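Peer 1: everything below, folded, please.
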Amino acid sequence: MLASELPFEILSHIASFIAPDKNFDYTVVCRAWKIPFQESMWSRMNIYTRKKLEDACNTPASNQSYYKIHGHLVRELTLSKRLQTSDRQLRILQDLFPSLRSLYIYEESVDNIEFGVMADWSIWRSLTHLKICVEGFEIEVNVKKFLELLSFLPCLKRLEYVKALCGLSSLFKIDDFETLHRHLPQLTYLSTAMDLDNISPNDIQTITNSNPASPLTTAEIRVDHMDIRWLWYFAQKYPNIRTLEWKIINTGFDTSVSPDEVISLFPSLTFAFPHLNKVVMKGESEKVSMHLAFWDLVYQFRAPIKHLVYYLAGRRNIPELLEQIIKKCMSSCSETLETLLLLCWAEMCDPLIIPNALGICTHLQSLNLEVRRSSIALDVILDNCSLLKKLKLTSQRVSIQPDASNSPKLHGLRFLELRMATIKSTLFQYISSRCRSLNYMRLASINIFGPLLPKTGSLNLDMPHTCFERLELNCVVFCASHDDWSIEMPINFMALSQTNSTPCDKNTPSQLVWFHLHRPSRCGHQRDQIRILKKAEAKYSRKYFRAFERKTVKNPDSQNGVRRSYHGQVLKHLWKKDLPLGYARLNCKYSRNFVVDTKESQKRNKFLNHHFCFNVCFSRCVPIYLDLITITHSFCGLSSHEADILKTLSTNCEKIFVISIFIMSASTLPFEILVHIASFLSTNDKLTCILTCKAWEPAFQETLWNTVDIRHKGKLNVIHGVLVSKGDSVHSQGTYVRVLVFALGLKVSSEQLRTFQRHCQKIQHLIIREGGLSKDYFLKKPDWELWGALTRLEICLSGLNLVNEPRELIYIISHLPRLRRLDYVDAMMGPRPLYKLQDFEALHNHLPQLEYLSMAVWLDVVPTEDLTIIKGATPANALTTLKLYVDNMDLWWMYYMAQKYSNIITLEMKIDTELRRPNSFREDETSKLLDLSDVFPRLENTLIACRPNTEWSQLTLWDLFRRFDTPLKNLKYDLHSCYDMSGSLERTVSGSIQSCSRTLESFHISSYVDFSDRCKVPRALSFCPNLVDLQITSYITIVALDIFLDHCAVLKNLTLSVSMLSVIASPFHDSTPHGLESLKISRATTNGCILRYTSLRCKNLKYMYLIDVNFFGIINQETGSLCIDMCDTRFKYLELVRVSFYSSSGDRENSLKFLCISWPNYSLISDTMLQGNNDSSLWFHMYSSLADTGPHNNGLMVLSEEEIRLSEKYFSNFRLNSANVFGNQEEDRFYRVKSTWNNWIDWRKSLSLGYATIRCASVEKYHITYES
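Peer 2: From the prediction side, this is the model:
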């Protein structure tokens, strides 16, 4: 499908993902794209300045009409801060944009409003999302006004109420909440920021009798003051909330209500938050009673909380209170909690306080602790949380207890992030020893200390059991100290050591990569920088540290007078001065890729970010050498070459790159994202990307081999040579191949096939076309077991001179147990090998996971002794799609398929021939089909294509469907026959309809059946109560349109490709109205009365397509018009393709060259819309460039305003003008045929023929063309 042929709905959906300022670029791509992208430009309206507001509200009527024309397309309106929109302006906006779904009103964007004066909120009844900041609004101090506003918005599903942080505001009462939910019965999301009044004794009774707000699933409540008893009300009112966010600044006016009194109310509840899944609590830790009351409620009713975010803020942050709150919280939900984020600012030096407060969490999988002024005992957390997979710690210190076991129980932790902590180097050995499944580690703003080894000068971070998928070090510093971190003893060298290579590079030796931390060379850069040492520098460093013990000096700086930064770093070129200070060495098993930088990420929760000063990325499938490392400086951003490549690629995958550019540097894109991007690119683009940077090379190089389509011998020999040159290496390019195609007539030899099998063992999709294999196939039997990972096979074995082709196919698939799709093609002409029941049984026995089967085969005769196979056949339950192109179809094969394929949803059967049987055989043996318990019980989609003399097979199939009530919804019936067999065709067509009439929704038929007879096929359609889509293709048939409308009461879409179209009833006959919405007519001859009849009867008609249609009619001699009257029809879309109009039924030479589309009101939207006063019609001139072009013209021009004026003047006195203009018939004939739009005199010659006019109520979009 061309891009210009994409459906309107898909283009509209695509446009919703594109930034508004980019939509305009797409409107000029092609004509078909203009409307959907133009409408998308209007879907969001952001009024962010006073000028734009005044443009919409205070400009002349001509500009306002521009908004009125398109205002109904606006679905989202935003009024930005401090606009001070007046009441009059708000009313204008309501009139301009009546179809809003979302409205955002920010602080001071709306001035004080008095209801009932001008603004009419009932206009916006369609709103489903309202976000309103009431600062500067009258409703800020008047709750009743706010509730009155909501009474006009019954469709609201999401409400966000925001108030100013300071200033006076009304208190919300229980009755106000009741009124709110009474006005908004569909509300699912409620976010409020308000002050809540104290609960009175009368409110207690109101709460007791309150009706639950069942639709509400998310509540976000932010309050400055709240009586604790409101908690009781919310538990009663919101039984179905899944997410609760609670922000509490202060609590309670009524100090006489004790927490015990509130808790005593809880037993009166029948439930409390029974579906609560996620809780976000934010509040001061000093307000202990509020926290404890909530957790008491959760504990009593066992709320199933899985995700908890807890922010404990406060001025004093008393450790004892925090410990009490945390313990109460964890005891209430520890049995169900899976993720926990805890943030508090208390200073707790004892590293056991928080771990002990958390207690035993049997289901916790993700833990994030942000306690920057506290210490954490890591071993206690691992002991208490046995299922923990992800751990983030932000603390003052992270340590392990002195009495921790030397051989602790292994833990399944996968992800570890440590931030802003001081850590001893021995901690890493403990982590590696205990958490052997650790794959991801991030250290950010970490101080690491430990002793230097005197012989090597190294501070070792030993993680010998750890295999990293990703290791990230952000702003990590080291010092040589036995007791604590000290700024006076910095270590500025670091080395990464891997004891093993990555799994993809088993034959590659590990490498030692050296880094140096140094001062910035330019002033103004206060942050230190890091770089990777060059090969010569790394070699010098290794040599130095081998003799470290005898080279060490006590105070190197005093001897050399080196100036250092505050943290102890020297300039880059003085790197040797740091060698006496030693180096830090991180030892791990291997790291697939890692990042080292000196700048902390600004996005705390993002594992990747674009602020890296220095990134080091190791490829997954390329050996780790220094020249494969990419360095990206945050100050420089992307290189110009990278930016050019990104700009080129973004045209193919814009969404991916918009995200990627802002997350990270292009050179640090993850391998998986690069592979996904490559799937959208051509081969040439992939080659360009390989040269962009070395980090991109492996990903794009790998995708070059993802699909190998071998189309000729030269390419076959080259690829075969590349694979052979690799020998038996597991790193050959063949390991990347997932799709392999052997083209038509390629004749791959047995030896070449074995080479592909040996080197391309991971392919999932194999295509072998006719002649793809050579006839020496059996000289050296291929080893099909090597392709055991195949999930899809398309194969043709024709032309190989196989003795038993079915047996060879079964042999091949017996080695492919994972196959899910099999396409078997037999392209040979003439007699072909016969397939038996045993072959189909063997096929399904070898392929238990087969979901899709397509076969083109000859079926063997089923002998009597094989009937037991049919009865004992095990259903192929995995198969959902079956496509069979068969010869020699027989009754018993029908029986077998009904028994075998009980779960198919889609059936496509093309029957070329059938086995001839005596007429009595079918009548006698059909009764055996009744032994079946069910026939195709899930079948919904069927395509049947039959040749002549296959009536028996068709009737048997329809009989099966009818007897067992097969729930068929979509039926396509393709019948090929001769004219003298119409009687048998009518029987099969009627049988097909009646067999599934109860469930049929869509029926497409292509045949030579005569549909104009009321008593045959059309009558059968009347038994289809759900038929909404009907398509008839019969190019020699005369069809009466009214017959189908009479018999198909709920029909919505009708397509007719016929010889002639007519109506039996009078066009003005008072017929039953019909709900037809779409009509498509092609290759038919008809007259204007047909469309007049359709317009009168089908008032809901919205879409009409006329293709290669010839209209005949009588011209009005006074006006020169052949009128097609559809004044009752309002078109959303009208398409005319090569439509011709003739002035009489007997003379095709009198082809009308002018077409006028007229409507009573200005309602046309199109690229060719006329401007000016004449806004109720469009005029077209149809022309031919050659004298022998035939009746169908091949060109179209739109008349200008001046040309329309002259044409209308001519036709206003058509009788007189047509008699006087021409005197020479030969000249007349010449101009009729050879008229072009280049010369006004030429096209004027066609005026005497008259014109055709189509009149309708309105047209939103149209497409008219005479091009082929």
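
Peer 1: is Asp776 in contact with Ser750, as I believe?
Peer 2: Yes - Asp776 lies in contact with Ser750 (C-beta atoms under 8 Å); the separation is 5.2 Å. Quick note: C-beta positions are derived from backbone N, CA and C, even for glycine.

Peer 1: out of the two, which sits in the busier spot?
Peer 2: Ser750 (17 against 14; other C-beta atoms under 10 Å).

Peer 1: next, that one: phi, psi?
Peer 2: In terms of degrees, to the nearest 10, the main-chain angles of Ser750 are phi -60, psi -40.

Peer 1: renumber starting at 38 from here on
Peer 2: All set: I'll call the first residue 38, so the last point we hit is now Ser787.

Peer 1: that one and Asn529: what is the separation?
Peer 2: 63 Å (C-beta to C-beta, to the nearest Å).

Peer 1: which positions in the strand ranked longest in the chain come out as buried?
Peer 2: Criterion DSSP state E: the longest strand present in the chain is strand 1158-1174. Residues 1158-1163, 1166-1168, 1170-1174 are the ones in strand 1158-1174 that count as buried (16 or more other C-beta atoms under 10 Å).

Peer 1: for these, which one is nearest Pro843?
Peer 2: Among the buried residues of strand 1158-1174, Val1174 lies closest to Pro843 (C-beta to C-beta), at 47.7 Å.

Peer 1: surely that closest one is in contact with Ile1144?
Peer 2: Yes - assessed by C-beta under 8 Å, Val1174 is found in contact with Ile1144 at 4.5 Å.

Peer 1: specify the local secondary structure of Leu856.
Peer 2: Recorded secondary structure, Leu856: coil (DSSP: H, G, I helix; E, B strand; the rest coil).

Peer 1: tell me the contacts of it?
Peer 2: Leu856 makes contacts with Leu827, Thr828, Arg829, Leu830, Ile850, Leu884, Gln886, Leu887, as judged by C-beta atoms under 8 Å, 6 or more residues apart in numbering.

Peer 1: ok, the third one - contacts?
Peer 2: Spelled out, it's Arg829. Arg829 touches Gln801, His802, Leu803, Leu856, Arg857, Arg858, Leu859, Asp860, counting by C-beta under 8 Å, 6+ apart.

Peer 1: what's the pLDDT at it?
Peer 2: Listed pLDDT for Arg829 reads 94.

Peer 1: what's across from it in the sheet?
Peer 2: Beta-bridge partners recorded for Arg829 (DSSP bridges): His802, Arg858.

Peer 1: what does stretch 155-167 contact?
Peer 2: If you take C-beta under 8 Å, 6+ apart as the criterion, stretch 155-167 is touched by 124-125, 127-128, 131-132, 135-140, 142, 150, 152, 186, 189-197.

Peer 1: mean confidence for that stretch?
Peer 2: The average pLDDT within stretch 155-167 is 89.

Peer 1: pull out the buried residues from that stretch.
Peer 2: Ala156, Trp158, Ile160, Trp161, Leu164, Thr165, His166, Leu167.

Peer 1: what's the straight distance from one end of it to the other?
Peer 2: Using C-alpha to C-alpha, to the nearest Å, one end of stretch 155-167 lies 20 Å from the other.

Peer 1: how far out from the middle of the chain is it?
Peer 2: Centroid separation between stretch 155-167 and its chain, computed with C-alpha atoms, centre = their mean, to the nearest Å, is 31 Å.

Peer 1: the stretch 288-437 of the chain: strands as residue ranges?
Peer 2: 315-321, 344-350, 376-381, 403-414, 427-436 (DSSP state E, counting those that start in this stretch).

Peer 1: partners of the longest one in the sheet?
Peer 2: The partner list of strand 403-414 in its sheet, established with DSSP bridges, is strand 376-381 (parallel), strand 427-436 (parallel).

Peer 1: pull the helix or strand with minimum mean pLDDT from this structure.
Peer 2: Of all the helices and strands that make up the chain, helix 691-700 has the lowest average by mean pLDDT, DSSP states H and E, namely a mean of 33.
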